[in-house]
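Student: this one's structure only:
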DNA sequence: CTGAAAGCGCTTACAG
DNA sequence: CTGAAAGCGCTTACAG
């Protein structure tokens, strides 16, 4: 496994490094290098499994065929699936992806952006904490290629691929309303994330559309760090409320799981006493009794669009146009809302 | 966001690039650079948010503070969780991780290894397809730091962190046997993966220990690509078998989900008619009715050990010693096996 | 304590 | 068609 370098190839083949390099970068024809020489080079490279040193290449070209992916947390199934799609799609175009998790921490996110730039990634895909406007503005001003996914900055004009959170929850809430559930609660996270705001809005507007007055006590916002513990309290309050709720919309898949656990604990019959809907899916939701009605996000589309837009941007094919995608969710109706 | 380089700092501070570089690499004291100068440099760097060009640094040092992670599939929760742990642990030590998925394809895996080496990763963590002995031998002979996780090569002496697959399934099977289930089936993948072989062995030996004769028809090995469709057939056969089974051990979490779906389809009562155990956990397994008894893998430990061992190896702290970790699984008993 | 200079392994104008 | 040479932005012996 002796390392082999460009100069070795050149020497062995009696040509210059330039020639070898040109050939390997598929600029042989353009430089009128004889097909014979080209073949020699390619054969040699294949035989000895030569790969140019990535650092040297990157250093001299200022490019890396790498895209950076920054997400809140790779362990979360949702982001893991997106990462998988992005990786797959990127690979199709010969790009590698390096990922890092920000843990929803804006400080870490800033670090990561800077470190990725530093690693000379050609572009960035970012599921941002939404608390780094300055950085985003900078990237934009520097005309650095990037696309936001899952969360965007409404006040900054950028490429993004998000989901219609508002519409998704609205649709789901209306589904409940049509099933005669009138006292619907909404359990979400204490968070300024646009997605969370939008989901709440969707919830509220659905009620409005049905002329149902919003009961503030029926909106529970738990802390991200401690939602497991706060869930019990929240559920209890909802159940004991004089204006007893008959349905709950959960704003994320893990809130759904957690909430359902608590409902079970206190022996609430789902969906008879309380119907539930989950924003986002978990792979065993269909196996739970009752199977969970869920708002499904188009994970693959998010990943694929993000890569496509980014690569176009990198190659300058988007021009000055920003690409904004708002993808529709799908309401997958199962059993957890009961029926009429 | 104008780019700033070492030479800019040197010029602005009226020192040489050497000095700046030395200071930034924390070799200031060792080189007796005045604290004053050091402070100047650090302040400047902080203020201008300078980061050395990663490629240049890597090229001249031949190191990258990066570890490569190759796994079958980042979208699989199990590997996503491991990736999360590895990332977190690596970060503690100032290492970045770049990951890629092999899709269980040895060819792709080979590509990835080679491309990672090329990217000058300082070490590799590998959940291998187990079909690349040659590559592994090479890495070993080249004394390149790496550790295998989840799957290892029994015939090659390497660092590894795996789980006691044999023991895990044996324990689970015995649990069923003690609950008087005598006709136990095993549904696994058609695969040469050591982990799968070990799980099967564990199953067989548990039966042996209870003097129960193995019924070959009760072992179903589905193809990885098409298990969803083959599952229905397999389940039907098991149910219709004259020697009707009363329990099933599933070799992976997705087989469990898939199998349970089919059992439901044909209205089998779990656990009354058929008890089930899952190798590996899914986050909603406790919410399913009956909650699924599962063999739990110590995900965090796998990730943490892998990083620790690798970093020690990178810094040459392991000496010539191979570190082999076989971690115990835990049988999490829930409802899906019924009770006496 | 500090600086000039070589070197890491590529790519790429430029000259022939 | 091909080669010598500069340059990418660092690190690091070496000399002072």
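Tutor: Everything's here; your move. The shown structure was predicted, so the numbers you read here are calculated from the model rather than taken from an experiment.
Student: Against residue A:88, how distant is the residue nearest to residue A:65 when sequence neighbours are not counted?
Tutor: Nearest residue to residue A:65 in three dimensions, chain neighbours excluded: residue A:95, at 5.3 Å (Cβ to Cβ, 6 or more residues apart in numbering or on different chains). All C-beta spots, glycine's among them, are computed from the backbone N, C-alpha and C. Separation of residue A:95 from residue A:88 (Cβ to Cβ, to the nearest Å): 11 Å.
Student: Quick one: low-confidence residue ranges for the stretch 1-150 of chain A.
Tutor: Judged by pLDDT under 70, the stretch 1-150 of chain A has its weakly predicted residues at A:1-2.
Student: can you give me the strands for it?
Tutor: For the stretch 1-150 of chain A, applying DSSP state E, counting those that start in this stretch gives strands covering A:66-71, A:96-101, A:123-126, A:146-149.
Student: Would you reformat these as a markdown table and include mean neighbour count and distance to DNA strand C?
Tutor: Shown next, in a markdown table, are the strands of the stretch 1-150 of chain A (neighbours: other Cβ atoms under 10 Å in any protein chain shown; distance: least, Cβ to the nearest atom of the strand, whole Å):
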| stretch | mean neighbour count | distance to DNA strand C |
| --- | --- | --- |
| strand A:66-71 | 25 | 15 |
| strand A:96-101 | 23 | 15 |
| strand A:123-126 | 26 | 18 |
| strand A:146-149 | 27 | 23 |
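Student: could you dump the ones you listed to CSV with distance to DNA strand D?
Tutor: Shown next, in CSV, are those (distance: least, Cβ to the nearest atom of the strand, whole Å):
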stretch, distance to DNA strand D
strand A:66-71, 17
strand A:96-101, 19
strand A:123-126, 19
strand A:146-149, 21
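Student: Chain B: which of the ones you listed is closest?
Tutor: Closest of these to chain B is strand A:96-101, at 4.5 Å (criterion: Cβ to the nearest Cβ).
Student: Check which helices and strands that closest one is in contact with.
Tutor: strand A:66-71, helix A:77-92, helix A:106-118, helix B:77-92, strand B:96-101 (3 or more Cβ pairs under 8 Å, 6 or more residues apart in numbering or on different chains; DSSP states H and E).
Student: Tell me which of those sits most buried.
Tutor: strand A:66-71 (a mean of 25; mean count of other Cβ atoms under 10 Å in any protein chain shown).
Student: what inclination does that strand have with respect to strand A:96-101?
Tutor: 20 degrees (axes from the mean of the first three to the mean of the last three Cα atoms, to 10 degrees).
Student: Give the pairing partners of strand A:66-71; include direction for each.
Tutor: Partner strands and pairing direction for strand A:66-71 (DSSP bridges) are strand A:96-101 (parallel), strand A:123-126 (parallel).
Student: To residue B:177, which of those lies closest?
Tutor: The minimum distance between residue B:177 and the strands paired with strand A:66-71 falls on strand A:96-101, with 42.4 Å, by Cβ to Cβ.
Student: Distance from the chain centre to the closest one, please.
Tutor: From the chain centre to the centre of strand A:96-101 is a distance of 12 Å (Cα atoms, centre = their mean, to the nearest Å).
Student: got the angle for it vs helix A:77-92?
Tutor: With the same axes, to 10 degrees applied, the angle from strand A:96-101 to helix A:77-92 works out at 160 degrees.
Student: tilt between strand A:96-101 and helix B:106-118?
Tutor: 70 degrees.
Student: Let me have the strands of the stretch 1-150 of chain A in JSON lines, extended by distance to residue B:13.
Tutor: Formatted as JSON lines, the strands of the stretch 1-150 of chain A follow (distance: least, Cβ to Cβ, whole Å):
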{"stretch": "strand A:66-71", "distance to residue B:13": "31"}
{"stretch": "strand A:96-101", "distance to residue B:13": "31"}
{"stretch": "strand A:123-126", "distance to residue B:13": "31"}
{"stretch": "strand A:146-149", "distance to residue B:13": "32"}
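Student: Break chain A into its domains for me.
Tutor: As given by automatic domain parsing, the domain ranges for chain A are A:6-52, A:62-162+A:300-327, A:165-297.
Student: Hmm, residue A:336 is touching residue A:291, no?
Tutor: Yes. Taking contacts as Cβ atoms under 8 Å, residue A:336 lies within contact range of residue A:291: 6.5 Å.
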